[in-house]
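Participant: here is a sequence with its predicted model. Questions after.
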Amino acid sequence: MKVIVCVKQIPDPALPGELDPSTNTLKREGKLILDESDSYGVEMALQLVDAAGGGEVALVSMAPNGEVSGLRTALAMGAAQGVLVSDPELAGSDALTTAKVLAAAVQRLGGADLVLAGTESSDGYTGTVPEQMAEVLGLPSVTFAKSVAVDGGSLKVNRQTEAGYDEVTCPLPAVVSVTAGVVEPRYPSFKGIMAAKSKPVDTVTAGDLGVTPTGWAAAGQQITSVTQAPSREAGEVIEDDGEAHVKIVEFLEGLKVI
Amino acid sequence: MTISNIWVFAQAADGGVTTGTLELLTKARSLGGTVSAVVGGDASAVAATLGEYGATRVYATGDLGGALPGAAVASALAAVIDGGDRPDLIMFPQNYEGRDVMARLSVKLDRTVITNNTDVSVDGGSVTVTTPVFGGNTLVATTFSGEGPFLAAFRPKSFAAEAAGGGAAEVVAAPVPDLGSTGGATVTAVHVEESTGPKLDEADVVVSGGRGLGEAEKFSMVDDLAQALKGAAGASRAIVDAGWVPYSMQVGQTGKVVKPNVYIAAGISGATQHMVGMKGSKHIIAINKDAEAPIFGVADLGIVGDVHKVLPKLLEALQGRG
Ligand SMILES: Cc1cc2nc3c(=O)[nH]c(=O)nc-3n(C[C@H](O)[C@H](O)[C@H](O)COP(=O)(O)OP(=O)(O)OC[C@H]3O[C@@H](n4cnc5c(N)ncnc54)[C@H](O)[C@@H]3O)c2cc1C
Ligand SMILES: Nc1ncnc2c1ncn2[C@@H]1O[C@H](COP(=O)(O)O)[C@@H](O)[C@H]1O
């Protein structure tokens, strides 16, 4: 079984985000890390290949400046190889262009039985890239998967819903986006980290993939202003001296909630 | 060019339509032009409500037979558009179905999508949407360029729902064409988690718990407090991911947006992704043992203290009042 996982490489979310004042897009400079949202996909792919008794997990990623640190983390977890699309022409790409690029990268790897992605990235959270990729690739898709099992030529997915979950079947090949917390991503072992250094990463441009980031999709939007939202005034903060609950009761009484 | 033809992706729920649908219809009709609703399913039961909120027409796919809506509804809509009714703007709710249909349609129409919006305005032929970033501290306005249809998704509770009193919308069939290789994802069973009390996104009081509760069993304190205040219990993603409570209780960017009269956050740090789901609450009470926790920045009443001490006493005091 061959599984391809989309892995986004993002600025460390622990650092405060910033907009580039010249382009008004999110700054994506410096060292990037593997988006935690995608570590679940990598783990699930490794488990599915294991359960299938063999196969390969490959990665696709689009990131600026030839960045591979996040890819290396996923390779250290156990993926075999990756395609990195890195191209200054792709700066400021919208979700649709990203999906076209990633779909082309999947094809460069010869396609797969299953393509996994995160439900939403931590820094962009458009949440549309996986479903857009599925459409570009002409594949069926299941979004918001809580669990995935392969059963012959099809998938059995428990798909999270607003009210609970649905059981969904889907023929392979397919694209599936997984939610956080579905599996426990493994920590790369020392051996894994060493091995990852020599695993192949095929670095390509949009042109190499035959994707021209032009047309309506590429020029479909323009940021026109950035303003500060009216901020909420912080109120009273008190230290609990054993009687703080009385304060809460008074506050609720004042609002006539009780 | 002016914006004269707006579509709203409508969703059925409990025999009616979702509040989110009514919010979007209300906003759509304020933008001028005609409003059509699109429904992935049968629309006969909802055409009256959709009309009352401003839709003059409903495109309905008819029963989807368990197919996931993404590919099915997008294909049906693309066929209507190919057939000549070309909308200028299509408004989607920022949720599972809305996002999937919008994503598929964006590829079919080769148009960009803008998600996570909280506002939209029209000026002649141009459409501008507002998207909060960094936990809602910064508002980014983005104008669509090129030709429509412009595709935008809006967060719940971005607009107030108000009926306009129109007659039932005309139902027009928008059958799903053969999906070819993109079809096949089918729901075989539906599981609904039981919940009691008011709905999380409609309750007047919401009490949410986070990782600061320490362990799953301690969530009962949050449940009990919610019950004592006739409210609903919510949660941060940290404890949903940990499996303590179901996803339907998650408040935040990937969960529900709540705007209750009172929001009580117990053992929640106040990550930006949590705050976007609750910052609109009228009054916020936070209990956290870390005086530096970001949640205190939005709290009207902040208690620096241990939830295991404060919550039981608070419960006792409330129960003592009978
Ligand atoms: C793409 C994406 C989407 C996300 N969507 C959401 C979302 O929809 N909703 C959401 O909530 N999060 C979301 N998150 C996760 C978010 O970033 C935080 O990780 C999460 O909100 C943290 O939950 P928490 O506050 O319970 O846990 P922590 O951040 O671990 O905070 C626990 C708090 O409890 C306090 N505490 C500990 N012990 C006690 C005690 N005894 N008494 C009182 N206080 C105590 C600590 O001081 C701390 O502040 C998302 C993240 C990403 C990347
Ligand atoms: N630049 C990228 N490189 C690799 N995968 C991506 C990229 N952007 C998005 N994805 C995938 O698509 C998912 C959803 O992303 P988004 O639509 O940005 O919220 C992510 O969790 C990734 O799996």
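Facilitator: Here it is on my side, so go on. Ligands and ions are numbered 1, 2, ... in the order given.

Participant: next one: B:Gln94 from A:Leu139, what distance?
Facilitator: For B:Gln94, the distance to A:Leu139 (Cβ to Cβ, to the nearest Å) stands at 24 Å. To be clear about C-beta, it is placed using only N, CA and C from the backbone, and glycine gets the same treatment.

Participant: those two: which has the busier surroundings?
Facilitator: More crowded of B:Gln94 and A:Leu139, by other Cβ atoms under 10 Å in any protein chain shown: A:Leu139, with 26 against 21.

Participant: how near is the more buried one to ligand 2?
Facilitator: The gap separating A:Leu139 from ligand 2 is 15 Å, by Cβ to the nearest ligand atom, to the nearest Å.

Participant: what's that residue in contact with, if anything?
Facilitator: A:Leu139 makes contacts with A:115, A:173-175, B:181-182, as judged by Cβ atoms under 8 Å, 6 or more residues apart in numbering or on different chains.

Participant: take those residues and keep only those in strands.
Facilitator: Among the contacts of A:Leu139, DSSP state E puts A:115, A:174-175 in strands.

Participant: and the one residue in the stretch 151-258 of chain A that gets nearest to ligand 1, helix, strand or coil?
Facilitator: At 7.2 Å from ligand 1, A:Ala180 is the closest residue in the stretch 151-258 of chain A, using Cβ to the nearest ligand atom. In the three-state summary, A:Ala180 is assigned as coil, counting by DSSP: H, G, I helix; E, B strand; the rest coil.

Participant: how about the nearest residue to A:Ser37, chain neighbours excluded?
Facilitator: Once flanking residues are discounted, A:Ser37 sits nearest to A:Gly118: 3.6 Å by Cβ to Cβ, 6 or more residues apart in numbering or on different chains.

Participant: hang on, isn't the one you found packed against A:Tyr40?
Facilitator: Yes. Taking Cβ atoms under 8 Å as the definition, A:Gly118 is a contact partner of A:Tyr40 at 6.8 Å.

Participant: residues in contact with both of those two, list them for me.
Facilitator: In contact with both A:Gly118 and A:Tyr40: A:178, A:180, using Cβ under 8 Å, 6+ apart.

Participant: quick check: buried residues in stretch A:230-244?
Facilitator: Within stretch A:230-244, the residues that count as buried by 16 or more other Cβ atoms under 10 Å in any protein chain shown are A:232, A:235, A:237, A:240, A:244.

Participant: redo those as a markdown table? Include secondary structure.
Facilitator: Formatted as a markdown table, those follow (three-state DSSP):
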| residue | secondary structure |
| --- | --- |
| A:Arg232 | coil |
| A:Gly235 | coil |
| A:Val237 | strand |
| A:Asp240 | coil |
| A:Ala244 | helix |
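
Participant: reformat those residues into a markdown table and put pLDDT next to each item.
Facilitator: Shown next, in a markdown table, are these (pLDDT from 0 to 100):
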| residue | pLDDT |
| --- | --- |
| A:Arg232 | 80 |
| A:Gly235 | 91 |
| A:Val237 | 95 |
| A:Asp240 | 96 |
| A:Ala244 | 96 |
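
Participant: taking these together, which two end up most distant?
Facilitator: Using Cβ to Cβ, the two most remote members of the buried residues of stretch A:230-244 are A:Arg232 and A:Asp240, lying 22.6 Å apart.

Participant: now do the residue of the stretch 151-258 of chain A closest to ligand 1, the pLDDT please.
Facilitator: Here, the pLDDT recorded for A:Ala180 equals 85.

Participant: where does the stretch 1-150 of chain A come near ligand 2, residue by residue?
Facilitator: Contact residues, the stretch 1-150 of chain A versus ligand 2 (Cβ under 6 Å from any ligand atom): A:6-8, A:37-38, A:61-62, A:95, A:98, A:102, A:117-118, A:120-121, A:124-130.

Participant: check these against ligand 1, which are close?
Facilitator: Contacts with ligand 1 are made by A:37, A:120, A:125 out of those, judged by Cβ under 6 Å from any ligand atom.

Participant: the first one belongs to a helix, doesn't it?
Facilitator: Yes. A:Ser37 sits within a helix when classified using three-state DSSP.

Participant: you'd agree it is up against A:Asp123?
Facilitator: No. In terms of Cβ under 8 Å, A:Ser37 does not count as a neighbour of A:Asp123; the distance is 9.6 Å.

Participant: okay, the two: which has more neighbours?
Facilitator: For A:Ser37 versus A:Asp123, the count of surrounding residues by other Cβ under 10 Å is larger for A:Ser37: 23 against 17.
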